[in-house]
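>>> Next one to model:
(one chain, ligands or ions: 1)
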Amino acid sequence: MSEKSIKPIVYVSARQVHGGAELARQLTFFGFECHVFLKKSSFLAAMHTTAPFAVVLSEAGLEDCSADEILPFVVKLSCGPILYLTSTLSISQQIELMNNGITDFIYFPLDIQRLIDRLDSLLERSHNTPYRVLIVDDSDAMGRFNADALGQAGMQVQLLKNPLEVFLLLERFVPDIVLMDVYMPQCSGNEIAKVIRQYTQFDSIPIVFLSTETNRNKQLMARSMGGDDFWVKSMPREELVASVGITCARYRSLRRWMTCDSLTALLNHTNVIELLEREVAQAKKESLSLSFAMIDIDHFKKINNSYGHGIGDQVIKSLARLLRQSIHNDGSVGRYGGEKFAVLFAGTSLIRAAQKLDEWRMRFAELTQSSGDIQFNVTFSAGIAALKNNMDAQQLIDAADQALYQAKGAGRNQIGLHNN
Ligand SMILES: Nc1nc2c(ncn2[C@@H]2O[C@H](COP(=O)(O)OP(=O)(O)OP(=O)(O)O)[C@@H](O)[C@H]2O)c(=O)[nH]1
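Below you'll find the predicted structure:
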């Protein structure tokens, strides 16, 4: 992705200029293109011209129009979430507003970080890539019938007739689900499921048997060998599509929890290390450049002590979001632990990666953090190292750590380069 990636547009309704200005500033900082509207006519004209990713509608409405009055127009013109900023609402009021088109509620006093979190997760949901389905079935006709149904529903489908080749596709195609026939000439679906379950890296891929088998004991036996469910082969197309969609969505969300840090939704420590090991091996094999950076928030203990652990968490989240939005397709970001982050720059030279890090450092230092009415700024230090042929992943981590240590020692709020 180029640095000029298209920003998600958010329209905000406000009754007063200053009410929307701070919200717009923060949303802009976190990568949204935010427009604030005070007048009904300009708001609706903008909705007509460009439908935004999301609308934030305040219960106070606009200067010349109440929220109730504008809502039906917004619902008609909108194709994304409509978030309602409100003080308190009874359950029946919420139900009424939801029936009228509101999709989310954000409560006053406005916690901007929370609003941004919500927009982030709505955005992520809207970017979800199609589900990938691997069908293992020796019957060409049956396999194609199911593949067509799922393909027409927008899913990516791979059909495999020989179950003995399943590992090739588990690695290359990385399916969200495997639909497995039970009776096949080369080996049974039960047997192949049992073998797949020997490999922990495929643990989180659900295997569902599609079979004409109706004997409950045989079905249970198949599930005990590593299958997650048993569906009848002759199920209606719509039911198959719905069942696959529900299962994939559930497992994707479980996988996210397994691989991501719960506070920041970035890759967690274990997965950062695993990714780095893979990238190091690949970079060496293909003679590609790889830089690795360690980022650490400055004087973080003081932030916790002065404003409390909750505000400390908020600072961590704000840096996580900045990193996630800045990295684009240049690499990956993870939470290494505590207030420390790891960044992998794939195919990027040390100097270019250091320049990027320095841009992020300056942007983070400019971000206003808040604790109630108190506003403050936070900085980070970082160390960066380039992969050399004689290094393994741990040595690359150590090199970045040393450079970070130098940056801290030299006064913090700067980038240290490892010279080797
Ligand atoms: N709020 C919050 N605090 C955390 C978290 N993880 C670790 N910490 C705290 O982060 C602080 C890290 O402090 P130190 O590593 O001593 O360093 P520092 O104060 O950041 O100072 P320098 O790194 O030397 O600039 C400790 O007080 C930890 O308790 C977290 O998830 N949330």
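>>> where does this structure come near the ligand, residue by residue?
By CB under 6 Å from any ligand atom, the residues of the chain that approach the ligand are 296-302, 304, 309, 312-313, 316, 338-339, 408, 412. All C-beta spots, glycine's among them, are computed from the backbone N, C-alpha and C.
>>> For those residues, which PyMOL command selects only the ones that are buried?
To isolate the buried ones among the residues of the chain next to the ligand in PyMOL, judged by 16 or more other CB atoms under 10 Å, type:
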select buried, resi 296+297+298+300+304+312+316+339+408
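>>> in what helix or strand does the residue in the chain that the ligand sits nearest to lie?
Across the chain, no residue is closer to the ligand than Gly312, which sits at 2.7 Å (CB to the nearest ligand atom). Assigned by DSSP states H and E, Gly312 belongs to helix 309-327.
>>> Ok, Phe73 next?
helix 67-77.
>>> got the angle between the very next helix or strand once past that helix and helix 67-77?
Heading C-terminal from helix 67-77, the first helix or strand you meet, by DSSP H and E, is strand 82-86. Angle of strand 82-86 versus helix 67-77, following axes from the mean of the first three to the mean of the last three CA atoms, to 10 degrees, is 170 degrees.
>>> can you list contacts of whichever helix or strand comes after strand 82-86?
Moving toward the C-terminus from strand 82-86, the next helix or strand (DSSP H and E) is helix 91-99. For helix 91-99, the external contacting residues (CB atoms under 8 Å, 6 or more residues apart in numbering) are Tyr84, Leu89, Phe105.
>>> Quick one, which of those has the minimum pLDDT?
For the contacts of helix 91-99, the weakest pLDDT value sits at Leu89, with 90.
>>> That residue reaches Ile102, doesn't it?
No - contact status for Leu89 versus Ile102: not in contact, 9.9 Å apart, counting by CB atoms under 8 Å.
>>> ok, these two, which is more surrounded?
A direct count of neighbours by other CB atoms under 10 Å for Leu89 and Ile102 places Ile102 higher, at 22 against 16.
>>> residues contacting that one?
Neighbours of Ile102 in contact, by CB under 8 Å, 6+ apart: Leu57, Leu71, Ile82, Leu83, Tyr84.
>>> biggest separation within the residues you listed, which pair?
The largest separation in the contacts of Ile102, counting by CB to CB, is between Leu71 and Leu83 at 12.2 Å.
>>> Report the central residue of this structure.
A centroid search over the chain (CA atoms, centre = their mean) returns Glu124, at 5.5 Å, as the residue closest to the centre.
>>> okay, now the domains of the chain?
Here the domain assignment for the chain is 9-126, 132-259, 269-417, based on automatic domain parsing.
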